[in-house]
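S.K.: 3D model of this:
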Amino acid sequence: MMRFLVDHLVLIAVFFAIVWFVVKHVVADLPDDVLSQAYKRVKQKKLEEAEHGGVRDNR
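M.R.: Numbers count the residues shown, from 1 in each chain. Coordinates of the predicted model:
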C-alpha cells in the first residue's frame, strides 16, 4: 500500500514538474507586448461584463 502511494506521488510530482517547466519556458519566450495585450483583453471583457450585469452582447 505504501509503495502504491509513493509511486503515485512520484508520478504526480514528475507531471507537475514537466508542466511547470513547459509553462515557464513558453511564457518566458513570449514577447512582453503579447502578454500585456492578452491581459488588456481579459481586463476589458471583465469591465464589459460588469457594465452589462454579467451578460455580454455578442453582436
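S.K.: Return the distance of Lys24 relative to Gln37.
M.R.: As judged by Cβ to Cβ, to the nearest Å, Lys24 and Gln37 stand 20 Å apart. From N, CA and C alone the C-beta is placed, and that goes for glycine too.
S.K.: whoops, I mixed them up, Leu9
M.R.: The separation that Leu9 has from Gln37, given Cβ to Cβ, amounts to 39 Å.
S.K.: before we move on, what SS does Gly53 have?
M.R.: Secondary structure, DSSP: H, G, I helix; E, B strand; the rest coil: Gly53 is coil.
S.K.: how many neighbours does Phe21 have?
M.R.: Counted with other Cβ atoms under 10 Å, the burial measure for Phe21 works out to 10 neighbours.
S.K.: Spatially central residue for the protein, please.
M.R.: Closest to where the C-alpha atoms of the chain average out (Cα atoms, centre = their mean) is Val23, at 8.6 Å.
S.K.: Could you give the secondary structure assignment for it?
M.R.: At Val23, secondary structure determined by three-state DSSP is helix.
S.K.: Distance-wise, check it relative to Ala17.
M.R.: Between Val23 and Ala17 the computed distance is 11 Å (Cβ to Cβ).
S.K.: Which neighbouring elements make contact with the helix or strand of the chain with the lowest mean pLDDT?
M.R.: Among the helices and strands of the chain, helix 32-51 carries the lowest confidence by mean pLDDT, DSSP states H and E, at a mean of 81. Other elements packing on helix 32-51 under the criterion 3 or more Cβ pairs under 8 Å, 6 or more residues apart in numbering; DSSP states H and E are absent; no helix or strand qualifies.
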